[in-house]
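**Q** What follows is a predicted protein model with its sequence.
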Amino acid sequence: MHRRTSLVSAWILSVAGSLFLAAPLAAQPAAPQDIAGICQGCHADYVETYSASKHGQSGNRKGPDCQTCHANALEHAKAGGGRGAGGIFSFTSKAVTADQRAAVCLSCHESNRHLAFWDSGAHKKNDVACNDCHALHATPGPGSTVALKKPNPTVSPFVNTARQLEYETCTSCHKQIRSQLLKPSHHPILEGKLACTDCHNPHGALSERMVKAESIPQLCTSCHAEKRGPFVWGHPPVEENCLTCHNSHGSNHARLLAEKAPNVCQDCHDASRHPGTIYDASGAWNLPSGAPNPSPNTRLIARGCVNCHYHVHGSNAPAMKGKFFLR
């Protein structure tokens, strides 16, 4: 019985081997084509810089293949090249919408938790696509292996968000923010100690101005914890919105104040108690006619509300001293 089983097994193996040897060559799996090598014939710089990036590394789960993003590379080559030839997907074509460009990136990155609210974000609603901020085919800096092969390497950093400071990318659109960052009092964004994404999520958020917190005060007190409280005597504008008094990106006044004290205080406290006078031309050193003012308003000279009301964010002092945020 054991010998019969062995004979049957040997017969099955011999039949299977003969069928395998007799199979035509066309039925064998074809070797994968070197798509990058085909593209390099016309796009050498793009292929070289892409290979040096994270997407082009062998660890990429979809492989360093141009067709992953551009599709139809072979048909494009057969058609002789050119934008859109052979059904190639061009990220710079005006016929391609921002949603179509973003869809290519989201096919891999959609599960990223930072993209959970992409559809509700301001960038998505304003037709901003991924390649408007990110560049896969970046220009390498002087220290890269790609640049060292060239006779005249560039002295600039990589032209993408992974190499240059983030604010350079963001302020290419947000010009008004760049002007604020150049003011004397500003967050250390230009110095590289703080990045735009430390406060904002450019990929979308449900909060105001896409900040990475439920409210502006929660965002600010994540760094400025001493202003968080809770205080026995709280200042309502502080609890409501820090931007009532401060400009978060930059200001001409100390401590990023929107106006210099006492003007910033009198935006609210303008009709009660001792500051209740308007600082207009009648209180200046000279009258509107140019003649010297015999009785100038000395409240403008070296005085500010915070000289006495020091704890403007809140106070735990007892009685009236705490209620009026006095020193």
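**A** On my side now, so go ahead.
**Q** contacting residues for E214?
**A** When contacts are counted by Cβ atoms under 8 Å, 6 or more residues apart in numbering, E214 touches S207. Every C-beta, even on glycine, is put in place using the N, C-alpha and C of the backbone.
**Q** That one - that's part of a strand, no?
**A** No: in this structure, E214 is coil, not part of a strand, as judged by DSSP: H, G, I helix; E, B strand; the rest coil.
**Q** Can you tell me how far it is from S315?
**A** Counting by Cβ to Cβ, to the nearest Å, the gap from E214 to S315 is 25 Å.
**Q** How about P202?
**A** Counting by Cβ to Cβ - P202 and S315 are separated by 37 Å.
**Q** Those two: who's more crowded?
**A** Ranked by neighbour count (other Cβ atoms under 10 Å), P202 and S315 place S315 first, with 22 against 19.
**Q** quick one, phi psi at the more buried one?
**A** phi -140, psi 150 (degrees, to the nearest 10).
**Q** How about it: what's its closest non-neighbour residue?
**A** G322 (4.2 Å; Cβ to Cβ, 6 or more residues apart in numbering).
**Q** Can you get me a residue count around the one you found?
**A** 16.
**Q** for N252, same thing?
**A** For N252, using other Cβ under 10 Å, the count is 14.
**Q** now A225
**A** Using other Cβ under 10 Å: A225 sits among 9 other residues.
**Q** Can you give me the pLDDT of it?
**A** Note for A225: predicted pLDDT of 94.
**Q** Flag the helix or strand of this structure with the lowest per-element mean pLDDT.
**A** Lowest by mean pLDDT, DSSP states H and E among the helices and strands of the chain is helix 145-148, with a mean of 44.
**Q** got a list of what R178 touches?
**A** Counted by Cβ under 8 Å, 6+ apart, R178 has contacts 167, 171.
**Q** element containing it?
**A** helix 175-181 (DSSP states H and E).
**Q** Tell me the buried residues in that helix?
**A** 177-178, 180-181 (16 or more other Cβ atoms under 10 Å).
**Q** can you check stretch 226-243 too?
**A** 227, 229, 231, 233, 235, 237-238, 242-243.
**Q** Out of those residues, which sit inside strands?
**A** W233 (DSSP state E).
**Q** Need the worst-confidence member of the buried residues of stretch 226-243.
**A** G229 (86).
**Q** on that earlier part again, of all pairs in the buried residues of stretch 226-243, which one is the farthest apart?
**A** W233 and L243 (21.7 Å; Cβ to Cβ).
**Q** quick one: A95 from F325, how far?
**A** Distance of A95 to F325, given as Cβ to Cβ: 60 Å.
**Q** what's the distance between G86 and D99?
**A** G86 is 23 Å from D99, by Cβ to Cβ.
**Q** same thing with V264?
**A** 43 Å.
**Q** Equivalent analysis for C308, please.
**A** 56 Å.
**Q** where do the helices sit along the stretch 101-250 of the chain?
**A** Remark: helices assigned in the stretch 101-250 of the chain by DSSP state H, counting those that start in this stretch are 122-125, 145-148, 166-170, 175-181, 216-221, 236-240.
**Q** of all these, which lies closest to C133?
**A** Once these are compared by Cβ to Cβ, helix 166-170 is nearest, at 5.4 Å.
**Q** re earlier: A95 and F325: who's more crowded?
**A** F325 (21 against 8).
**Q** Okay, and the more buried one sits in which element?
**A** Judged by DSSP H and E, F325 forms part of no helix or strand.
**Q** Make sure it is actually in contact with P237.
**A** No: counting by Cβ atoms under 8 Å, F325 stays clear of P237, with 11.9 Å between them.
**Q** Give me the distance between the residue nearest to K78 when sequence neighbours are not counted and R101.
**A** For K78, ignoring the flanking residues on the chain, the nearest one in space by Cβ to Cβ, 6+ apart is G86 at 6.2 Å. Using Cβ to Cβ, one gets 19 Å for the distance from G86 to R101.
**Q** out of these two, which sits in the more crowded spot?
**A** R101 (22 against 16).
**Q** Quick one: residues contacting the closest residue to the more buried one other than its chain neighbours.
**A** Excluding its sequence neighbours, the residue lying closest to R101 (Cβ to Cβ, 6+ apart) is A129, at 3.9 Å. Applying Cβ under 8 Å, 6+ apart, we find A129 in contact with 91, 98-99, 101-102.
**Q** got TSV for those residues, with distance to S289 and pLDDT too?
**A** Converted to TSV, these look like this (distance: Cβ to Cβ, whole Å; pLDDT from 0 to 100):
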residue	distance to S289	pLDDT
F91	64	88
A98	58	94
D99	62	94
R101	63	93
A102	62	94
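**Q** Tell me if I am right that S295 is in a helix.
**A** No: going by three-state DSSP, the assignment for S295 is coil, not a helix.
**Q** Fine by me, thanks again.
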